[in-house]
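J.: just to be clear, the model below is a prediction. Sequence and coordinates:
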Amino acid sequence: VQQRISAMHAQEAQLVQQLTHCHRPSQVYQQLQSYEQVELLLTVARHPYTLGPQVWQYIVQLSRMPQLINGATLKRLGYRPGPQFREMITTVHQLTLDGELTDAKAVENYVLAHYSPEAAQDQV
């Protein structure tokens, strides 16, 4: 039990340090996505003012935000599956979390403007 409590204190100290440098929703998402919801809820209960707002934002909003693009969409746009798929999907999701891309059409336009289908094919 003592080890679990010590681990929880270390985790909370790490979260305080990391989240103070997070100014965009995508950064909060990146920091918290590997934690279990139970861990996050315990952290909020113990630190409602320092960690609570960002953790609640993650639990209520960011973790539930759907991906606006997937591999099938990328294939439909002319891209061949390859290592670039994950980068494209991750980048688009970050921009969606930050409110820079708000719908599927904007996402498709962004991908087509920033990633060349030919370059993706050459990487495979």
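T.: Okay, I see it.

J.: switch to C-alpha atoms for all contacts and neighbour counts from now on
T.: Fine.

J.: for stretch 89-109, buried residues please.
T.: By 16 or more other Cα atoms under 10 Å, the buried positions in stretch 89-109 come out as 89, 92-97, 101, 107-108.

J.: got TSV for these, with distance to residue 70, pLDDT and secondary structure too?
T.: Compiled in TSV, the buried residues of stretch 89-109 are given as follows (distance: Cα to Cα, whole Å; pLDDT from 0 to 100; DSSP: H, G, I helix; E, B strand; the rest coil):
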residue	distance to residue 70	pLDDT	secondary structure
89	7	96	helix
92	10	97	helix
93	10	96	helix
94	14	97	helix
95	14	97	helix
96	13	97	helix
97	15	97	helix
101	15	96	coil
107	11	96	helix
108	11	95	helix
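
J.: any idea which of the residues you listed is closest to residue 63?
T.: residue 97 (9.5 Å; Cα to Cα).

J.: the residue nearest to the closest one when sequence neighbours are not counted: neighbouring residues, count only.
T.: Closest residue to residue 97 apart from its sequence neighbours, by Cα to Cα, 6 or more residues apart in numbering: residue 26 at 5.4 Å. By other Cα atoms under 10 Å, 19 other residues sit near residue 26.

J.: quick check: the farthest pair among the buried residues of stretch 89-109?
T.: Using Cα to Cα, the two most remote members of the buried residues of stretch 89-109 are 97 and 108, lying 15.9 Å apart.

J.: in this structure residue 29 contacts residue 61, no?
T.: No. Residue 29 lies out of contact with residue 61 (Cα atoms under 8 Å); the separation is 9.9 Å.

J.: just give me the longest helix of the chain.
T.: If you go by DSSP state H, the chain has its longest helix at helix 2-19.

J.: alpha carbons only: can I get that one in PDB?
T.: Output in PDB follows, covering the C-alpha atoms of helix 2-19 (Å, rounded to 0.1, in the frame of the first residue of the first chain):
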ATOM      1  CA  GLN A   2       2.800   2.400   0.900                       C
ATOM      2  CA  GLN A   3       4.400   1.800  -2.500                       C
ATOM      3  CA  ARG A   4       1.100   2.600  -4.300                       C
ATOM      4  CA  ILE A   5       0.700   5.800  -2.300                       C
ATOM      5  CA  SER A   6       4.300   6.800  -3.100                       C
ATOM      6  CA  ALA A   7       3.800   6.100  -6.800                       C
ATOM      7  CA  MET A   8       0.600   8.100  -6.800                       C
ATOM      8  CA  HIS A   9       2.400  11.100  -5.200                       C
ATOM      9  CA  ALA A  10       5.200  10.800  -7.800                       C
ATOM     10  CA  GLN A  11       2.600  10.600 -10.600                       C
ATOM     11  CA  GLU A  12       0.800  13.700  -9.300                       C
ATOM     12  CA  ALA A  13       4.100  15.700  -9.100                       C
ATOM     13  CA  GLN A  14       4.900  14.700 -12.600                       C
ATOM     14  CA  LEU A  15       1.400  15.800 -13.800                       C
ATOM     15  CA  VAL A  16       1.700  19.100 -12.100                       C
ATOM     16  CA  GLN A  17       5.000  19.700 -13.800                       C
ATOM     17  CA  GLN A  18       3.900  18.600 -17.200                       C
ATOM     18  CA  LEU A  19       0.400  20.300 -17.200                       C
END
